[in-house]
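Q: requesting a structural model of the entry that follows:
(chains A, B, C and D)
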2 protein chains.
Amino acid sequence: MADATLIYNLLKEIFFLIDDGDRHLFSQYNLSVPRFYILWHLGNEPGISSQRLSELMICDKSNITRLSKGLEADGLVVRQPHESDGRALRLYLTEMGEAVREQSLATHLAYNDQRFSDCSVEGQDSLQQQLLCLKDSLLTQLTDFVRAENG
Amino acid sequence: MADATLIYNLLKEIFFLIDDGDRHLFSQYNLSVPRFYILWHLGNEPGISSQRLSELMICDKSNITRLSKGLEADGLVVRQPHESDGRALRLYLTEMGEAVREQSLATHLAYNDQRFSDCSVEGQDSLQQQLLCLKDSLLTQLTDFVRAENG
DNA sequence: CAAAAATAGTTGCGAACTCAACAGTTGATA
DNA sequence: TATCAACTGTTGAGTTCGCAACTATTTTTG
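A: This is a model prediction of the structure:
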C-alpha cells in the first residue's frame, strides 16, 4: 500500500470540498444537501421505507424521521403508512417534490461533469474501479463488524 | 469522462463509511472526529491560528471557535493571544493534548492501514495521484469561485 | 397460542455545522 | 494622520446529526 494516511486525508478533503460546492449549488433551490439526497433516493425508489433510506444514506434512522417530516411540512414529500406492515412508512415525492428533484438534479449533473472534468483525461475508469473496490471493502468491514458485535 | 455522477456517489459513500468507522474508533479516547482533527493539525503546526485551521479543515471559522473552546475546557488545548497581532490567537496542545493525540493517532494509523489494505494490490499509486489531482482541481475551482464573487 | 425477540419509527439530548451580524485590530490610502 | 477597508475571532439562530431510550407493531419460538 502506498500510504494509507495520505489517501485517507485526500478522501476527506475531497469530500469537504464537494460538500461545500453542493451546499452552495442547492441553496438556489432552497435545498440543503441531505434534503436533496432524500429527494434523489425517493425518485429512484418510490415508496421506500425510512429504514432502507437510512441505510442508503448511511445515517441514523432518527435523522430520516426528522428530515422527511421537514420535507413533508414543505410539501415535497408524503409519508404514508405501509399497506401490510403497521410499523413501516412509505415515502413518496409529491408533484412539487418531483419538480424540485428534476430541476436540482439536472443542475447537479451538469455541475458534476464540469467539476470533475479537469482530471478526466486518463485513468478515469481505473479511478472509478478503485473507488468501487474501496467502497465494497469498507461496506464488508462494516457488516463484519456489526456481525461481530451482535454475535 | 467515465461517469461523473458515479464517481461523485462513490466518493460520498466512501466518506460516510470512513467517517462512521472513525467515530467509533475515536470514541474510545472520548474524542469526536472533528476534535481529533484539531489535535492532529495542532500537532503538525503548533501555534496555528483559528483562521488557518478553519482553512485546513474546510469549515467555517466559527466552528473552530467553539471546538477549540471545548478542547480548552477539557484541558487538551490552550488558546493564547498572538504576540504581535491583537486579533489573532495561537493554538497549542497541552501535555495531555499531546498524549491523547499520540495515542489516538497511532490507533488511527493502524486502522487506516488495515481498512484500506483490501484494495491495495495494484494501482494504489494511481489512485493516490488521481485523488491528488481531483483535490487540487476542486480547490482551484473553489478559489476561482471566491475570487469571482468578490470581484 | 402466549411469551420473547426482532423490527420501524419517534423523541430528548447534546455535539457539530453554516450563515449572518458584530466588535476589535491592523493595514492601506488619500 | 485620519479614514476606510480588510482581517480575526465571537455570538445568535437554525439545521443536521448520532446515540440512547421508548412505543408500537410484527415475527419467532417454546
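Q: gap between the strand or helix carrying A:Asn112 and the chain center?
A: Assigned by DSSP states H and E, A:Asn112 belongs to helix A:95-115. Averaging C-alpha positions (CA atoms, centre = their mean, to the nearest Å) puts helix A:95-115 14 Å from its chain's average.
Q: hmm, that helix in reach of DNA strand D?
A: No. Using CB under 7 Å from any atom of the strand, helix A:95-115 never reaches DNA strand D; the gap is at least 13.5 Å. All C-beta spots, glycine's among them, are computed from the backbone N, C-alpha and C.
Q: give me the angle between the helix or strand following that helix and helix B:95-115.
A: Using DSSP H and E, the next helix or strand after helix A:95-115 towards the C-terminus is helix A:124-150. Taking axes from the mean of the first three to the mean of the last three CA atoms, to 10 degrees, one finds helix A:124-150 and helix B:95-115 inclined to each other by 110 degrees.
Q: tell me how many other residues surround the closest residue to A:Leu134 other than its chain neighbours.
A: Distances taken as CB to CB, 6 or more residues apart in numbering or on different chains put B:Cys119 closest to A:Leu134, at 5.1 Å, once the chain neighbours are dropped. Residue neighbour count, defined by other CB atoms under 10 Å in any protein chain shown, stands at 21 for B:Cys119.
Q: kindly state the pLDDT recorded for the spatially closest residue to A:Ser54 that is not a sequence neighbour?
A: Nearest non-adjacent residue to A:Ser54, counting by CB to CB, 6+ apart: A:Lys61, 4.2 Å away. Looking at A:Lys61, its pLDDT reads 98.
Q: now do A:Val77
A: So, for A:Val77, pLDDT stands at 98.
Q: returning to that earlier point: what separates the residue nearest to A:Ser54 from A:Ser137, distance-wise?
A: Applying CB to CB, to the nearest Å, the value for A:Lys61 to A:Ser137 is 25 Å.
Q: try A:Lys69
A: Taking CB to CB, one finds A:Lys69 at 35 Å from A:Ser137.
Q: equivalent analysis for A:Leu56, please.
A: 18 Å.
Q: cool, and A:Ser68?
A: Taking CB to CB, one finds A:Ser68 at 31 Å from A:Ser137.
Q: contact partners for A:Thr107?
A: Applying CB atoms under 8 Å, 6 or more residues apart in numbering or on different chains to A:Thr107 gives the contacts A:Leu25, A:Gln28, A:Tyr29.
Q: tell me the residues of chain A that contact DNA strand D?
A: A:32-35, A:58-60, A:62-63, A:66-67, A:70, A:84-87.
Q: please flag which of the residues you listed sit within helices.
A: A:Val33, A:Pro34, A:Arg35, A:Ser62, A:Asn63, A:Arg66, A:Leu67, A:Gly70 (DSSP state H).
Q: count the neighbours of the first one for me.
A: Here the neighbour count serves as a burial measure; for A:Val33 (other CB under 10 Å) it reads 16.
Q: cool, the third one as well?
A: The burial metric for A:Arg35, expressed as a neighbour count using other CB under 10 Å, is 21.
Q: what residue in chain A comes nearest to DNA strand D?
A: A:Gly86 (2.4 Å; CB to the nearest atom of the strand).
Q: how much space between that residue and A:Asn44?
A: For A:Gly86, the distance to A:Asn44 - CB to CB - is 26 Å.
Q: between the two, which is the more surrounded one?
A: Taking neighbours as other CB under 10 Å, A:Gly86 and A:Asn44 compare with A:Asn44 leading, 10 against 7.
Q: quick revisit: got the contact list for the residue nearest to A:Ser54?
A: Neighbour list for A:Lys61: A:Ser50, A:Gln51, A:Ser54 [criterion: CB under 8 Å, 6+ apart].
Q: so how far is chain B from the second one?
A: Here A:Gln51 is placed at a distance of 17 Å from chain B (CB to the nearest CB, to the nearest Å).
Q: do you know the pLDDT at that residue?
A: On the pLDDT scale, A:Gln51 gets 97.
Q: surely it is in a helix?
A: Yes. The assignment for A:Gln51 (DSSP: H, G, I helix; E, B strand; the rest coil) places it in a helix.
Q: which residues does it contact?
A: A:Lys61, A:Ala88.
Q: before we move on, what about the last one?
A: Contacts were defined as CB under 8 Å, 6+ apart; by that measure A:Ser54 touches A:Asp60, A:Lys61, A:Asn63, A:Ile64.
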